[in-house]
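# Prediction below, plus the sequence it came from.
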Amino acid sequence: MKYEYPKCRKSDLVEEWFGTKLDAPYTWLRDTYSEEVLDFTHRENEFTDAWFEGEAKGEVDAMISKLKAAHRDELPMGISPWRDGFLATEVKEGNYAIVSLDKNFNKVETLFVRNDLPERTPFSAEPCPKDEKILAIMSQVDNAPRPDYVIYDWDKREVLDILPMTFGGTWSKKKKVFYIATTKVIEEKSLTAILAYDVEKGESKEVFVFEGNAIFGGAQVSDDGENVLFSFCPDYSTNYFFVYAEETGNVAPINETALQLHYVDSFDDKHFFISFEDAHRGEIISIKNGGTIADAETVYVEEDAYIESGFLTNGELFLQCSKDAANYVMNLNTREVMEMPTSVASLGYTGKTKDEHLFSFDAFLSAPQILSFDGKSFKHVMGEETAHDDLVVELLYAESVEDKKPIPYYLVRRKDAERNGNNKALIYGYGGYNVPMPPWSTERVTQTDIARWVEDGGIYVHCLLRGGSEYGSAWHEEGMGMTKKNCYYDFIGIAEKVMADGWTRPEKTAISGASNGGLLMAALVTMRPDLWGCVVASVPHTDMIHFADDDRGAMYVTEYGNPRDSKEMFEYLLSYSPVHNVRATDYPPTYIQTGECDNNVPPYHGKSFAATMQELNTSDNPVLLRVLEKGSHDRGQGDVYWQTIAEMRVFMDKALK
């Protein structure tokens, strides 16, 4: 082993799980702010600093300059009408700010940045429809498990109230009332409650408590303001819905058992939902106001694509669908597909004007844009309009290595790229939580501009793994719980196919992922260390035996399963739990990044995994750990953001030579 890594104490703790004795030498790392853990973290960061100083002296600073010079300003999001213009969220270098825009979407003023509200990072702001000077600002204190809403009077520059620990909120369109979902503890049982904050009274009133299990809840108001719906999610696929009557306070259930339903909107005295109960790619159902799921009528069944969401414009219902993860919009009445700048692209709802809906638009070969949609056509509002005629995007298929199921992936390359095995490759995947991975211009972890990477002689591979929602609910179910390893087999199958086709080889292949994608990276490096030239794992879950005990563990067992539920579940999780599957072998260059303030995935996951890999790695390849002191479930903010991204990119460059 080439490097002398920081020493990490190993305890002699042995746990017993269903008759299996399991060494647990690094459980003490869970005490994030203990003196011993902080000392270990400090020494790991010093080692990482020394590695870059010795192996890549000056290259990180040069990369920061290069990244900043090529960086496009992020486009605003969360746009809503406000006074004579708009209110929006701006993100720069990982920093969030609330800004005002004029009627032409030009920035007028920065209203809030980090710490303008006491010790908080502001994420979004919603003006009260009945009194625009009153803002509901979603923000979060460092280390807090969930965000708060700050109710703020902009004219007086005054905090009116703080609504703590929320899952989300929305304004009534009839009253100066803000609805939030939060937790309530009754007899040691955590329940989800909906509160209504009355601005004029300056107080919150509990309007409903959901008695069942829910990992989060929410409130939604129909576009016409006539309906308020409460939702409660016991997992990442199903929901309970209730209709709330603002005038009487009556709460009536839509469905009394958890169903795969997603609310679209209400009009013509009907509630419209996307259902995946009888159509795994989605169908539109309607329920008369006052009715329940038993009264549902089928409006439309999707058989070829996948219904992601819907929205109402000028009295017509439009569906946002995806085919092979690429988005399009269809008029439900006419079945007309609305033309966009390019077909292999992603759309994200980002707000509205008084008359039009606004969407972020992104694609592998197009810079991000904002488009407006008036019910007839899309129009360009903001962002660069670019074209790369020398590049090509291909949708291809590979066999998953276990069950041989065809798994789609996008390959982005130069038209003149040669199949000589010498192309540097970046492969990205996620595969989890019923979340799709649509086309985008910038890879989400290392912030690699895909078109620039490919123009520089690389290839980019975008994996549509099971566990996501790209092909409906069945696609998700085939990559969760007792089938979670399908995600890893899918990724390996794609990588092997790309290499077999001659586009690249292991030494030239980098892989990246964050969060559940970080778990994917950690699992892949332990399952097939021979297949990768570089691994970047950001904020990864790595201990699949103890994750259920984390603050948010109850939210994640619905996706992964609970190791305490059965011997079978424990053994399955143990079979791929990355920290438990590190062995004495040659590992590729691996960069692991986590944050001290991460409540989604506590930093002990990254720390224990790095310590174990550093101990057992028999190659001369580096295993680096970067812990961000103020980092949350991200890559840092400001200068720390640039430093982290630059380190990842330099590390990849050095590894792939």
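Nice, thanks for sending it over. Worth saying up front: this structure is predicted, and the values here are computed from it rather than measured. Numbers count the residues shown, from 1 in each chain.

# Strands of the stretch 301-450 of the chain, start to end?
Per DSSP state E, counting those that start in this stretch, the stretch 301-450 of the chain carries strands over the ranges 306-313, 316-323, 326-331, 345-352, 357-363, 366-373, 378-383, 391-399, 406-414, 425-428.

# Put the alpha carbons of the third one into CSV.
Backbone C-alpha positions of strand 326-331 (Å, rounded to 0.1, in the frame of the first residue of the first chain) are rendered in CSV as follows:
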residue,chain,number,x,y,z
ALA,A,326,-37.3,12.1,-22.1
ASN,A,327,-40.2,14.4,-21.3
TYR,A,328,-43.0,15.7,-23.4
VAL,A,329,-46.3,17.5,-22.8
MET,A,330,-49.6,16.2,-24.2
ASN,A,331,-53.1,17.9,-24.4
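
# Not counting it itself, show me its contacts.
305, 308, 316, 318-322, 336-338, 340, 343-347, 373, 378, 438-439 (Cβ atoms under 8 Å, 6 or more residues apart in numbering). Backbone N, C-alpha and C define where each C-beta goes, glycine included.

# re the thing from before, and among the strands of the stretch 301-450 of the chain, the most buried is which?
Most buried of these, by mean neighbour count (mean count of other Cβ atoms under 10 Å): strand 425-428, with a mean of 25.

# Would you mind pulling up the elements that that strand packs against?
Contacts defined by 3 or more Cβ pairs under 8 Å, 6 or more residues apart in numbering; DSSP states H and E place strand 425-428 against strand 459-463, helix 485-500, strand 509-514.

# Name the residues of the helix or strand where A252 lies that are buried.
Element membership for A252 (DSSP states H and E) is strand 251-253. For strand 251-253, the neighbour count (16 or more other Cβ atoms under 10 Å) marks V251 as buried.

# so what strands line up beside it?
Pairing partners of strand 251-253, with direction, according to DSSP bridges: strand 240-244 (antiparallel).

# could you dump the partner strand to CSV, C-alpha only?
What follows is the C-alpha trace of strand 240-244 in CSV, where atoms were taken according to Å, rounded to 0.1, in the frame of the first residue of the first chain:
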residue,chain,number,x,y,z
TYR,A,240,-53.6,8.9,1.4
PHE,A,241,-55.6,11.9,0.3
PHE,A,242,-58.2,13.9,2.1
VAL,A,243,-60.3,16.9,0.9
TYR,A,244,-60.5,19.8,3.4
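
# Outside of it itself, list whatever touches it.
Applying Cβ under 8 Å, 6+ apart, the contact partners of strand 240-244 are 194, 207-208, 210, 212, 214, 219, 227-234, 250-259, 261, 263, 271, 273, 289.

# Kindly report the same for stretch 271-278.
For stretch 271-278, the surrounding residues in contact (Cβ under 8 Å, 6+ apart) are 227, 229, 237, 241, 243, 254, 259-266, 282-289, 296, 299, 307, 309-310, 317, 472-473.

# cool, stretch 389-398 as well?
For stretch 389-398, the external contacting residues (Cβ under 8 Å, 6+ apart) are 324, 344, 364-365, 406-416, 439, 451, 454-455, 493-494, 496-498.

# For it, list the C-alpha coordinates in PDB.
This file holds the C-alpha atoms of stretch 389-398, laid out as PDB (Å, rounded to 0.1, in the frame of the first residue of the first chain):
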ATOM      1  CA  ASP A 389     -24.000  19.300 -34.600                       C
ATOM      2  CA  ASP A 390     -20.800  17.200 -34.100                       C
ATOM      3  CA  LEU A 391     -22.300  15.200 -31.200                       C
ATOM      4  CA  VAL A 392     -24.800  12.400 -31.200                       C
ATOM      5  CA  VAL A 393     -27.100  10.900 -28.500                       C
ATOM      6  CA  GLU A 394     -28.100   7.200 -28.800                       C
ATOM      7  CA  LEU A 395     -30.600   5.200 -26.800                       C
ATOM      8  CA  LEU A 396     -29.200   1.700 -26.400                       C
ATOM      9  CA  TYR A 397     -29.800  -1.400 -24.300                       C
ATOM     10  CA  ALA A 398     -27.600  -3.800 -22.200                       C
END
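
# Tell me which helix or strand comes right after the top helix by length along the chain.
In the chain, ranked by residue count with DSSP state H as the criterion, the top helix is helix 35-55. The helix or strand immediately downstream of helix 35-55 is helix 59-70, counting by DSSP H and E.

# report the angle between the axes of the helix or strand that that next one is followed by and strand 357-363?
As assigned by DSSP H and E, the chain's next helix or strand after helix 59-70 is strand 77-82. Strand 77-82 and strand 357-363 are oriented at 160 degrees to each other (axes from the mean of the first three to the mean of the last three Cα atoms, to 10 degrees).

# Would you mind pulling up the elements that strand 77-82 packs against?
Contacting strand 77-82 under the criterion 3+ Cβ pairs under 8 Å, 6+ apart are the following elements: strand 85-92, strand 120-128, strand 345-352.

# run the last query once more with 10 Å
Secondary-structure packing of strand 77-82 (3 or more Cβ pairs under 10 Å, 6 or more residues apart in numbering; DSSP states H and E): strand 85-92, strand 95-101, strand 120-128, strand 131-141, strand 345-352, strand 357-363.

# For these, please prepare TSV with the additional fields distance to L465 and mean pLDDT.
What follows is those, written out as TSV (distance: least, Cβ to Cβ, whole Å; pLDDT from 0 to 100):
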stretch	distance to L465	mean pLDDT
strand 85-92	27	94
strand 95-101	29	94
strand 120-128	28	95
strand 131-141	30	96
strand 345-352	17	94
strand 357-363	20	96
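
# so which of those is the most packed in?
It is strand 357-363: most buried of those by mean count of other Cβ under 10 Å, with a mean of 23.

# which neighbours does that strand have in its sheet, and in what orientation?
Strand 357-363 pairs in its sheet with strand 345-352 (antiparallel), strand 366-373 (antiparallel), by DSSP bridges.

# centre of the chain versus the last one, how much separation?
Counting by Cα atoms, centre = their mean, to the nearest Å, strand 366-373 is centred 20 Å from the centre of its parent chain.

# And the first one, by the same measure?
Mean C-alpha position of strand 345-352 versus that of the full chain (Cα atoms, centre = their mean) differs by 15 Å.

# Stretch 500-510 now?
On Cα atoms, centre = their mean, the centre of stretch 500-510 falls 28 Å from that of its chain.

# Quick one: end-to-end distance for that stretch.
Criterion Cα to Cα, to the nearest Å; first-to-last residue distance in stretch 500-510 is 16 Å.

# Would you mark the buried spots in that stretch?
Result for stretch 500-510 [16+ other Cβ under 10 Å]: buried residues 503-506, 508-510.

# Return the distance of L524 relative to G467.
14 Å (Cβ to Cβ, to the nearest Å).

# list the residues that contact both of the two?
Residues touching both L524 and G467 (Cβ atoms under 10 Å, 6 or more residues apart in numbering): 429, 487-488.

# I'd like the residues you listed as JSON lines, with distance to G517 appended.
As requested, those are exported to JSON lines (distance: Cβ to Cβ, whole Å):
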{"residue": "G429", "distance to G517": "6"}
{"residue": "C487", "distance to G517": "10"}
{"residue": "Y488", "distance to G517": "12"}
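
# How many neighbouring residues does D374 have?
The tally of other residues near D374 (other Cβ atoms under 10 Å) stands at 13.

# Now do the same contact list for it.
Listed by Cβ under 10 Å, 6+ apart, the contact partners of D374 are 313-314, 353, 355-357.

# Direction included, what does the helix or strand bottoming out on mean pLDDT in the chain pair up with?
When the helices and strands of the chain are scored by mean pLDDT, DSSP states H and E, strand 177-186 comes last with a mean of 88. Next to strand 177-186 in the sheet, as set by DSSP bridges, lie strand 166-171 (antiparallel), strand 189-198 (antiparallel).

# Identify, out of those strands, the most deeply packed stretch.
Of the strands paired with strand 177-186, strand 166-171 is the most buried (mean count of other Cβ under 10 Å), at a mean of 21.
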